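Novice: Just need the structure, nothing else, for what follows:
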Amino acid sequence: MSASAEPRVSGLEVRSIDYVPLDERHGKLWHLGPLWFMSNAQIATLAVGLVSITQGGNLVWSLLAIVSGTVIGTFFMAFHSAQGPQLGLPQMIQSRPQFGYVGALLVWLFAYVQYAGFNVFNSILAAGSLHTTLHGGVKLWVVVVTAVALVIALVGYDIIHKAERILTYTFLVIFGVFTVGVLVTLHYPAGSFDLGGFRWTPFLAQFGVVAGYQISWAIYVSDYSRYLPPDVTVRKTFYWTYFGSALGGIWLMVLGALLAAWAGPGTFQTIPAIDAAGDKVFTGFGAVVLLFSALGLVSVTALNMYGGSLTLISAIDSFKRVRPTLAVRLVTLGLTAALSLAGALAATSNFLANFENFLLLVLYLFIPWTAVNLMDYYVVRRGHYAIAEIFNPHGIYGRWGRHGIIAYLVGFAAMVPFFSVGTLFLGPAARALGGADISLFVGLPVSALLYWWLTRSIDVAAETRLAEAEAAALEQAAHEHREP
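Specialist: Prediction:
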């Protein structure tokens with residue numbers, strides 16, 4: 001059987017960073033809703049909602065910070081999602097037109113660290129949930145979670161979409177009951193809903209972590225929309241991604257804030273709190289919630305492995321052109337899983353503090369990237385790219401995209417004085433603001449506007465003509481399962 005007639009082998013996805021040809025486009029637009037809902041509706045997200053409470057903020061302002069951070073952060077990731085069907089490419093390979101064939105390694109390195117970092121946290125939480133309910137030891141369950149997630153990621157795109165739909169329906173039942181129980185049975189400290197208890201520092205800390213968490217999904221989103229046909233509209237792709245992700249994120253983060261407020265001062269422990277709150281609904285329900293939560297964490301660990309594999313293949317391709325085959329997927333998925341497993345087994349017990357700092361780091365690293373990428377796609381090039389040139393090391397996008405790199409570095413440098421990372425670093429501007437972190441509002445406009453100013457001379461019409469001339473060869477190369 002020829003390569004052109006064999007898009008899949010034994011049910012496993014073969015494609016990775018390569019362009020998805022038009023006759024392989026499939027799926028329904030609404031599938032993005034449950035995918036991104038369930039990706040956020042897991043207990044690692046719940047931990048994101050603890051930050052303000054643990055820093056002394058009251059409950060009502062914590063909830064407002066969660067909602068506002070989600071509304072703003074999700075806006076950016078959803079616009080990235082709309083790029084997938086139009087280009088037929090995974091997310092991070094799309095950085096080459098802005099940063100260059102080699103220069104894109106700058107953001108790919110950060111992306112790969114993010115995938116590995118989230119997998120460490122996710123697998124530890126999943127293993128802890130399973131150990132609490134089934135026993136056997138956390139390290140054993142870390143291995144099991146990693147192995148199951150690896151199998152899901154290896155089968156690929158379609159099984160991930162299907163699994164997230166099934167988990168969404170189950171989530172609505174189990175966490176619907178759990179949420180009602182939390183609202184009805186738990187009691188909160190005096191002043192929890194006092195609007196006069198506003199404090200800037202915990203509010204902005206919570207806002208920044210939430211926005212960073214939502215923006216961190218931006219490096220994933222086209223990976224899971226690239227098989228959709230290109231005639232789906234940008235607007236509808238945006239809506240399904242936005243509302244799915246925002247609703248899942250707000251639900252779990254709000255639950256996290258409610259549980260932290262109920263638990264009161266001291267070191268909050270996510271798994272015991274869920275177990276105890278669930279048992280207030282009825283005895284044993286806490287274990288049910290934890291078992292289902294472990295399944296949700298396995299699925300999102302698979303997402304991270306899948307995206308990490310694509311990012312690693314992209315990075316390798318920057319040095320030596322890679323034919324995107326099943327073997328390449330197997331190797332890079334295995335390496336990504338091994339890295340996640342090693343990190344989870346070696347991780348310390350100081351989960352919450354490390355997770356908060358990690359989320360802030362993600363925010364800082366990806367704010368300039370998302371600004372540059374979205375400005376390029378929606379304003380500078382307006383969605384018109386010569387896709388075959390993205391895979392050409394000597395193509396029109398060059399090896400080093402100085403416009404994107406300069407805009408990224410300047411935007412990041414402008415943010416540094418506003419950083420506020422717990423006890424690790426406090427920038428002079430953040431110190432003057434009493435520890436409040438507003439770096440998000442600095443990095444976005446600086447990087448976006450600078451990139452726009454630097455790229456005013458780009459001949460988009462010429463790129464469009466080149467794309468049309470190379471379109472047939474692009475489709476042919478995709479059917480032969482090779483880069484154009």
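Novice: Going by C-alpha atoms from here, please, whenever you check contacts or count neighbours.
Specialist: Noted.
Novice: what are the ranges of the helices in the stretch 351-484 of the chain?
Specialist: Assigned by DSSP state H, counting those that start in this stretch, the stretch 351-484 of the chain shows helices spanning 351-375, 387-390, 402-415, 428-432, 440-454, 460-479.
Novice: Point out where the stretch 251-400 of the chain drops to low pLDDT.
Specialist: Within the stretch 251-400 of the chain, the ranges that satisfy pLDDT under 70 run 265-267, 348-354, 356.
Novice: Recalculate using a threshold of 80.
Specialist: Under the criterion pLDDT under 80, the flagged ranges of the stretch 251-400 of the chain are 264-268, 347-363.
Novice: Quick check: phi and psi at Gly435.
Specialist: Per-residue torsions, Gly435: phi 90, psi 0 (degrees, to the nearest 10).
Novice: Show the pLDDT at it.
Specialist: Predicted confidence (pLDDT) for Gly435: 79.
Novice: Val209 now?
Specialist: Val209 is given a pLDDT of 83.
Novice: Same question for the one 10 residues further on.
Specialist: Ile219 is assigned 87 on the pLDDT scale.
Novice: Relative to Ser68, which of the helices of the stretch 351-484 of the chain is closest?
Specialist: Comparison of the helices of the stretch 351-484 of the chain against Ser68 by C-alpha to C-alpha identifies helix 440-454 as nearest, at 13.2 Å.
Novice: Give me the contact list for the closest one.
Specialist: Outside helix 440-454, the residues within contact range by C-alpha atoms under 8 Å, 6 or more residues apart in numbering are 208, 363-364, 367-368, 370-372, 375-376, 379-380, 403-404, 406-408, 410-412, 414-415.
Novice: same thing with stretch 62-75?
Specialist: Against stretch 62-75 from outside (C-alpha under 8 Å, 6+ apart): 49, 52-53, 202-204, 206-215, 242, 245-246, 249-250, 253-254, 257.
Novice: pretty sure Ala277 is touching Gly286, no?
Specialist: Yes - at 6.7 Å, Ala277 and Gly286 qualify as touching, with contact defined as C-alpha atoms under 8 Å.
Novice: What sits closest to the residue most central in space within the chain if chain neighbours are left out?
Specialist: The chain has Trp217 as the residue nearest its centroid, 2.2 Å off, counting by C-alpha atoms, centre = their mean. Spatial nearest neighbour of Trp217, excluding adjacent residues (C-alpha to C-alpha, 6 or more residues apart in numbering): Met77 at 6.0 Å.
Novice: For Thr45, see how far away the one you found is.
Specialist: Applying C-alpha to C-alpha, to the nearest Å, the value for Met77 to Thr45 is 16 Å.
Novice: returning to that earlier point: and the contacts of helix 440-454, which of them are buried?
Specialist: Among these, those buried by neighbour count (16 or more other C-alpha atoms under 10 Å) are 208, 363-364, 367-368, 370-372, 375-376, 380, 403-404, 406-408, 410-412, 414-415.
Novice: List the buried residues in the longest helix along the chain.
Specialist: Ranked by residue count, the top helix of the chain under DSSP state H comes out as helix 285-319. By 16+ other C-alpha under 10 Å, the buried positions in helix 285-319 come out as 285-315, 317-318.
Novice: One more: stretch 447-460?
Specialist: Ser447, Ala448, Leu450, Tyr451, Trp452, Val460.
Novice: any chance of those in JSON lines, with pLDDT and distance to Asn40 too?
Specialist: Shown next, in JSON lines, are these (pLDDT from 0 to 100; distance: C-alpha to C-alpha, whole Å):
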{"residue": "Ser447", "pLDDT": "97", "distance to Asn40": "27"}
{"residue": "Ala448", "pLDDT": "97", "distance to Asn40": "27"}
{"residue": "Leu450", "pLDDT": "98", "distance to Asn40": "32"}
{"residue": "Tyr451", "pLDDT": "98", "distance to Asn40": "31"}
{"residue": "Trp452", "pLDDT": "97", "distance to Asn40": "32"}
{"residue": "Val460", "pLDDT": "92", "distance to Asn40": "36"}
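Novice: which two in those are spaced the farthest apart?
Specialist: Among those, the pair separated by the greatest distance (C-alpha to C-alpha) is Ser447 and Val460, at 20.4 Å.
Novice: Just to be sure, Thr283 is in a strand?
Specialist: No - per DSSP: H, G, I helix; E, B strand; the rest coil, Thr283 lies outside any strand segment and is coil.
Novice: and it, how many neighbours does it have?
Specialist: 11 (other C-alpha atoms under 10 Å).
Novice: Quickly note the distance from it to Gln98.
Specialist: 55 Å.
Novice: Now do the helices in the stretch 1-150 of the chain.
Specialist: In the stretch 1-150 of the chain, the helices defined using DSSP H, counting those that start in this stretch lie at 32-40, 43-48, 51-54, 59-81, 83-87, 96-99, 105-134, 138-155.
Novice: close enough to count as contact, Phe268 and Ala260?
Specialist: Yes - counting by C-alpha under 8 Å, Phe268 touches Ala260, with 6.5 Å between them.
Novice: Between those two, which contacts overlap?
Specialist: Common neighbours of Phe268 and Ala260 (C-alpha under 8 Å, 6+ apart) are Thr54.
Novice: and these two? which has more neighbours close in?
Specialist: Ala260 (26 against 19).
Novice: List the buried residues of stretch 39-59.
Specialist: 39-54, 57-59.
Novice: Show me what the longest helix of the chain is packed against.
Specialist: In terms of contact count using 3 or more C-alpha pairs under 8 Å, 6 or more residues apart in numbering; DSSP states H and E, helix 285-319 is assigned the packing partners helix 32-40, helix 43-48, helix 105-134, helix 138-155, helix 157-185, helix 270-281, helix 326-346.
Novice: how far is it from where the chain is centred?
Specialist: Centroid separation for helix 285-319 versus its chain: 10 Å, with C-alpha atoms, centre = their mean, to the nearest Å.
Novice: so it versus helix 105-134, what angle?
Specialist: Counting by axes from the mean of the first three to the mean of the last three C-alpha atoms, to 10 degrees, helix 285-319 lies at 160 degrees to helix 105-134.
Novice: now the angle from helix 285-319 to helix 32-40?
Specialist: Using the same axes, to 10 degrees: helix 285-319 against helix 32-40 is 110 degrees.
Novice: any chance of the helices of the stretch 351-484 of the chain in TSV, plus distance to Gln83?
Specialist: Compiled in TSV, the helices of the stretch 351-484 of the chain are given as follows (distance: least, C-alpha to C-alpha, whole Å):
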stretch	distance to Gln83
helix 351-375	9
helix 387-390	12
helix 402-415	18
helix 428-432	35
helix 440-454	17
helix 460-479	16
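Novice: Nearest to Thr185, out of the ones you listed?
Specialist: Across those, Thr185 has its closest neighbour in helix 351-375 (25.2 Å, C-alpha to C-alpha).
Novice: Please enumerate residues in contact with the closest one?
Specialist: 47-48, 51, 76, 79-80, 95, 98, 107, 110, 114, 117, 121, 208-209, 211-213, 215-216, 218, 404, 407-409, 411-412, 415, 421-422, 439-440, 443-445, 447-448, 451-452.
Novice: Number of residues surrounding the spatially closest residue to Ala287 that is not a sequence neighbour?
Specialist: Spatial nearest neighbour of Ala287, excluding adjacent residues (C-alpha to C-alpha, 6+ apart): Thr133 at 5.6 Å. Thr133: 16 surrounding residues under other C-alpha under 10 Å.
Novice: before we move on, what about Val107?
Specialist: Residues within reach of Val107, counting by other C-alpha under 10 Å, total 22.
Novice: now it, nearest residue through space, not along the chain?
Specialist: Val107's closest residue in space is Trp369 (C-alpha to C-alpha, 6+ apart), at 7.3 Å.
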